[in-house]
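Visitor: with the sequence up front, the predicted model follows.
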Amino acid sequence: MADSLDCRNIRNICILAHVDHGKTTLADHLIASSGGGVLHPKQAGRLRFMDYLDEEQRRAITMKSSSIALQYKGYSINLIDSPGHMDFCSEVSTASRLSDGGLVLVDAVEGVHIQTHAVLRQAWIEKVTPCLVLNKIDRLIVELKLSPLEAYNRLQRIVHEVNSIVSAYKSEKYLSDVDSILAANVGESGDGDENLEFVEDDEEDTFQPQKGNVVFVCALDGWGFGICEFAEFYASKLGASSGILQKALWGPRYFVPKTKMIVGKKGLAAGSKARPMFVQFVLEPLWQVYEAALDVNGDKQILEKLIKSFNLSVPPRELLNKDPKSVLQSVMSRWLPLSDAILSMVIKHMPDPVSAQSFRLSRLLPKREILDEDLGKSDVLAEAEIVRKSVEACDSGPEAPCVAFVSKMFAVPMKMLPHRDVNGGIVNNYTEAGNGDSDECFLAFARIFSGVIHAGQKVFVLSALYDPLKTGDSVQKHIQEAELHSLYLMMGQGLTPVASARAGNIVAIRGLGQHILKSATLSSTKNCWPFSSMTFQVSPTLKVAIEPSDPVDMAALMKGLRLLNRADPFVEVSVSARGEHVLAAAGEVHLERCIKDLKERFAKVNLEISPPLVSFRETIEGESLNPLDKLKSLTVNSNYIEKTTPNGRCTVRVNVLKLPDALTKLLDESSDLLEDIIAGKAIRAQEDEHPVESLKKRIWDAIESEISDTNVEKDKEKYKLLWENLLKRIWALGPRQVGPNMLLLPDTTTEDNDSVLIKGSPYVSKRLGFVSNIDELEADTSTTAETRSLKEEADSLRSSVLSGFQVATGSGPLCDEPMWGLAFVIEASISLVGSESESVHQQSQSDQYGVFSGQVMTSVKEACKAAVLQKNPRIVEGMYFCELNTPTEYLGPMYAVLARRRARILKEEMQEGSPLFTVHAYVPVAESFGFADELRRWTSGASSALLVLSHWEALAEDPFFVPKTEEEKEEFGDGSSVLQNTARKLIDGVRRRKGLPVEEKVVQFATKQRTLARKV
């Protein structure tokens, strides 16, 4: 019983918000009041205790998630502070996986921003219970000088907006945060102020101040309140119960002094100037206190009256302070203490580990589908089910299996480790194997979900791919046995050694540095399913090649890269095809931190960093034909490219078609699901429908969206029939079997007498359920092979055609970048060898040209590339969604910066009640490097921008454009004077980087080449 009581008194929470909305300042005040004296209240908000890295203090932003244990009224609260910058959103994923509740902060002046969408989505995915904290309420009074009623309308609008975001995620309406922002903009444009009068008590809303899961705070001044505090203040004065007042203090409820009744809007007399109760009883007193303290002519009696009526113990010395801000801070922080408002809400509205784990179990340990062949291993399944039940119950009994999840590894300098153990004995920290030559020690950031973990205990480390039902060498690489060296309780930067830790706690574990790369599941038994992988909101898109300034330091760099790869949950380290070491980061700030860590902590050598390596895609021009004509062109045989193998035995014909944009995007986003489907893995059905059926439906929706975009409604049925035919013929996807390109089987039944078609099978169509086995059998029986041997040879060459297609889609003809959104129809036929002399000749040719299967593969690859070049190729570039905030006077310089970066403006609007403009734009990834610095430079630091990867977009320019008509020659020039267009510059830049030939003159202007003086 004591164990369960222990668990019930634990809360694991994280602070989530957009950058600069006040997360670390809020954490400072909570630490100052409940952190056991590690931070003085006077320093709270200035010290930024959780930002202990030099780089964090210098930039004034949080860069990693860190944990601290707080004690409040007999409860143990593990608080994790997370970053708000888009580049470090992977840290938000690691924090939310270990937490049961999340404090979502929103700035009352700036409102909801792009990262607010991202953290709400992350909380929803991880099934974390959120509470809303509206921060910087003082700015509404001091900076914007709003009246209490205007402030109330603004707060109400923010609460409504956050609720609408959560409800959109619940209905799974949007695929990404960018989609939800764009949709919100469309929805807002027509509304005006009508949406301020909401449904009075909507149970569907996640955040409702009257329920107590919304608080209003000023983190810098250290005060905050929920509606329940004011309900208790006024309960005796108004002669009503605090429960009734709590419901009435938010929304359109009004107090009539004559009758002492609380009425709705309809109960008011005509022409009444009554204010909502929240304005009258909550905001107006706050405004009066601020005016009394900060105005020169303010009524100081109000402060004295406040101190007396609430028995506040404010030292007279603080009241006599010459700085009115300090006086206000000392009064407000004692009248409405911030930590009490936040932590009482945490205890009341956030679940303890026992109830949270039963609710989150479907996300952490989803039920697996058991195949028929695995039913014999009932003992393994029974034990795995016991483990699952223990996690669900958060069982910390002595018999319970130990299960923990490591969300990330983090590096700590050896000198920072505690030098004494739990019993006070001195510890030698350099004894751990593998760490003798390093100044860094790796600790695992872990949450215990079941059982009790002790220092010195042996556990199994399971990777995400581990399957307890499989045996043999294939599974052994996904499971290791490790000994836990020591356990620490995290106190920000400090570490407190502990002997053991129960289920429900968050700890740092030493001794797993050699066993875990990024994240893993720890279990005391082999028969345990690993926890599901974490989802990251963005992918590492910024890549640079890295090498040491001195080649002698190569070994140190490789070791440093290995350490960095383990220390950062999001960075990716790889070796390119050219042998370069490539570092992939989420953005420029993340990259700068990674390089600084490499130079100063992990590698300790000077480095040379290449310019960013930008990825592109290649496609063909979207023809102006209507979609029906495009599909019909596939069946006409005049428009194909034909290639013959060097020995003349195989002829390859290729036709290419551009897929609808919506279908391409869907194939790209569903790559993980497609990989499982194509590999034939057992896929777990969701609550409502099977993922394969859902994907099939979404493919049809994407195809039909192209019809609605163009005016071909009358041919809709023909168009659907043609696509139905195409979807039954999908042989493969590419590149790497899951890309956004399709290989379609040729729709031909006739063959020449002397040749046989290399027949594929609609493998992907079958997996996706577009074709049944019967259709395939019918197709097989209708073949008419001339000879058995030729047919067998044709069957053996299937893989060559597939490989040729995969290679071609992996590196296109323009600059060896992957292809994007193309469907290839490949028709490869092989002919008979005639006489015996011809077969001898054939044998000698085989020696001359290489193996026949290799010739077929090369011909398919070359034919695909030639087909793309024939159909007006285009380059496709990645686009960032950019959100900018700029004061009105700097709009001109900001637009100048955007214009230089080829940006496309989506929306511009003024933020109500503030001098800031919010601008949404698309910026090409290739143009985004140094964007934030240039923007700050041109706007004197007044503008801020956040970039998040949005989508791929084809550049409309023709890279091979040559002026032909008189008008074009007049506009662009003629001959050598024609400047390269943007598309050609991008292609040539990539080709130069990859060492491919580039068409450029060695001598551009011959007359300017004479550099030596001619002395006559």
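Guide: All right, it came through fine.
Visitor: for the protein, what helix or strand is lowest in average pLDDT?
Guide: Here the helix or strand of the chain ranked lowest by mean pLDDT, DSSP states H and E is helix 773-781, holding a mean of 44.
Visitor: now do the closest residue to Pro148 other than its chain neighbours, the pLDDT please.
Guide: Distances taken as C-beta to C-beta, 6 or more residues apart in numbering place Leu283 nearest to Pro148, at 3.8 Å, with adjacent residues excluded. Every C-beta, even on glycine, is put in place using the N, C-alpha and C of the backbone. pLDDT, the model's per-residue confidence, is 89 for Leu283.
Visitor: for Leu283, give its distance to Lys1001.
Guide: Distance of Leu283 to Lys1001, computed by C-beta to C-beta, to the nearest Å: 72 Å.
Visitor: which one's more surrounded, these two?
Guide: Leu283 (24 against 8; other C-beta atoms under 10 Å).
Visitor: distance of that one relative to Cys131?
Guide: Noted for Leu283: a distance of 21 Å to Cys131, by C-beta to C-beta.
Visitor: ok, longest helix in the protein?
Guide: In the chain, assigned by DSSP state H, the helix with the most residues is helix 148-170.
Visitor: pLDDT on it, on average?
Guide: 89.
Visitor: in that helix, what counts as buried?
Guide: For helix 148-170, the neighbour count (16 or more other C-beta atoms under 10 Å) marks 148, 150-159, 161-166, 168-169 as buried.
Visitor: show me where the stretch 51-200 of the chain has its strands.
Guide: 66-72, 75-81, 101-107, 129-135 (DSSP state E, counting those that start in this stretch).
Visitor: using CSV, lay out those strands together with mean neighbour count, distance to Gly769 and mean pLDDT.
Guide: Shown next, in CSV, are the strands of the stretch 51-200 of the chain (neighbours: other C-beta atoms under 10 Å; distance: least, C-beta to C-beta, whole Å; pLDDT from 0 to 100):
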stretch, mean neighbour count, distance to Gly769, mean pLDDT
strand 66-72, 21, 46, 89
strand 75-81, 23, 43, 91
strand 101-107, 25, 39, 93
strand 129-135, 24, 38, 93
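Visitor: pretty sure Asn159 contacts Val214?
Guide: Careful, residue 159 is Val; it's not Asn. Yes. Counting by C-beta atoms under 8 Å, Val214 is a contact partner of Val159 at 6.3 Å.
Visitor: mutual contacts of those two, please.
Guide: Shared contacts of Val159 and Val214 (C-beta atoms under 8 Å, 6 or more residues apart in numbering): 132, 134, 207-208.
Visitor: spatially, which two of the residues you listed are the most separated?
Guide: Taking C-beta to C-beta as the measure, the shared contacts of Val159 and Val214 span a maximum distance of 13.1 Å, between Leu134 and Gln208.
Visitor: which residues are in contact with each of those two?
Guide: Residues touching both Leu134 and Gln208 by C-beta under 8 Å, 6+ apart: 159, 214.
Visitor: where are the low-confidence patches of the stretch 801-950 of the chain?
Guide: Low-confidence segments of the stretch 801-950 of the chain, defined by pLDDT under 70: 832-851, 913.
Visitor: first-to-last residue distance for stretch 653-670?
Guide: 30 Å (C-alpha to C-alpha, to the nearest Å).
Visitor: which parts of that stretch are buried?
Guide: Quick answer for stretch 653-670 (16+ other C-beta under 10 Å): 653-668, 670.
Visitor: mark which of those are part of strands, please.
Guide: Applying DSSP state E to the buried residues of stretch 653-670, the entries found in strands are 653-658.
Visitor: between those, which sits nearest Asn9?
Guide: Of all these, Asn9 sits closest to Lys658, with 60.8 Å by C-beta to C-beta.
Visitor: so what's the closest one bridging to?
Guide: Here Lys658 sits in beta bridges with Leu822, going by DSSP bridges.
Visitor: could you measure from it over to Gly973?
Guide: As judged by C-beta to C-beta, Lys658 and Gly973 stand 31 Å apart.
Visitor: Arg368 too?
Guide: With C-beta to C-beta as the criterion, Arg368 and Gly973 are 65 Å apart.
Visitor: when these two are compared, which one has more neighbours?
Guide: Legend: neighbour count by other C-beta under 10 Å for Arg368 and Gly973, higher for Arg368 (16 against 12).
Visitor: give the helix, strand or coil label for the more buried one.
Guide: Here Arg368 is recorded as coil under DSSP: H, G, I helix; E, B strand; the rest coil.
Visitor: now it. Nearest residue, chain neighbours left out?
Guide: Trp529 (6.3 Å).
Visitor: surely Ile77 touches Met345?
Guide: No. Contact between Ile77 and Met345 fails when scored by C-beta under 8 Å: they sit 11.6 Å apart.
Visitor: name the residues contacting each of the two.
Guide: Residues touching both Ile77 and Met345 (C-beta under 8 Å, 6+ apart): none.
Visitor: could you check the host helix or strand of Tyr880 and say which residues are buried?
Guide: Assigned by DSSP states H and E, Tyr880 belongs to strand 873-887. For strand 873-887, the neighbour count (16+ other C-beta under 10 Å) marks 873-886 as buried.
Visitor: closest to Ala455 out of the ones in strands among the buried residues of stretch 653-670?
Guide: Comparing these against Ala455 with C-beta to C-beta places Lys658 closest, at 60.7 Å.
Visitor: gap between the closest one and Lys696?
Guide: Per C-beta to C-beta, Lys658 is found 22 Å from Lys696.
Visitor: swap in Met63?
Guide: Applying C-beta to C-beta, the value for Met63 to Lys696 is 43 Å.
Visitor: wait, a strand at Arg617?
Guide: Yes. Counting by three-state DSSP, Arg617 is located in a strand.
Visitor: and for it, the neighbour number?
Guide: So Arg617, with other C-beta under 10 Å, has 25 neighbours.
Visitor: so Leu613 touches Ala545, yeah?
Guide: Yes. With contacts counted by C-beta under 8 Å, Leu613 reaches Ala545, the gap being 6.4 Å.
Visitor: common neighbours of those two, please.
Guide: Val582.
Visitor: average pLDDT across stretch 604-614?
Guide: Average pLDDT, stretch 604-614: 89.
Visitor: again, but for stretch 326-345
Guide: Taken as a whole, stretch 326-345 has a mean pLDDT of 88.
Visitor: now stretch 952-963
Guide: Stretch 952-963 carries an average pLDDT of 84.
Visitor: centre of the chain to it, how far?
Guide: 31 Å (C-alpha atoms, centre = their mean, to the nearest Å).
Visitor: what residues does that stretch touch?
Guide: Contacts of stretch 952-963 (C-beta under 8 Å, 6+ apart): 617, 619, 621-622, 665, 668, 814, 820, 872-879, 922, 969, 971-974, 978, 981-984, 986-987.
Visitor: buried residues in it, which are they?
Guide: Going by neighbour count (16+ other C-beta under 10 Å), the buried part of stretch 952-963 is 952, 954-955, 959, 963.
Visitor: for stretch 484-499, same thing?
Guide: 484-492, 495, 497-498.
Visitor: excluding its own residues, what touches it? List them.
Guide: With C-beta under 8 Å, 6+ apart, stretch 484-499 has contacts from 31, 35, 38, 49-50, 52, 66-69, 412, 416-418, 420-422, 427, 432, 443, 445, 453-459, 500-501, 506-512.
Visitor: any of those buried? List them.
Guide: 31, 35, 49-50, 66-69, 412, 417, 432, 443, 445, 453, 455, 457, 459, 501, 506-512.
Visitor: can you tell me which of those are in helices?
Guide: Reading helices off the buried ones among the contacts of stretch 484-499 with DSSP H, I get Ile31.
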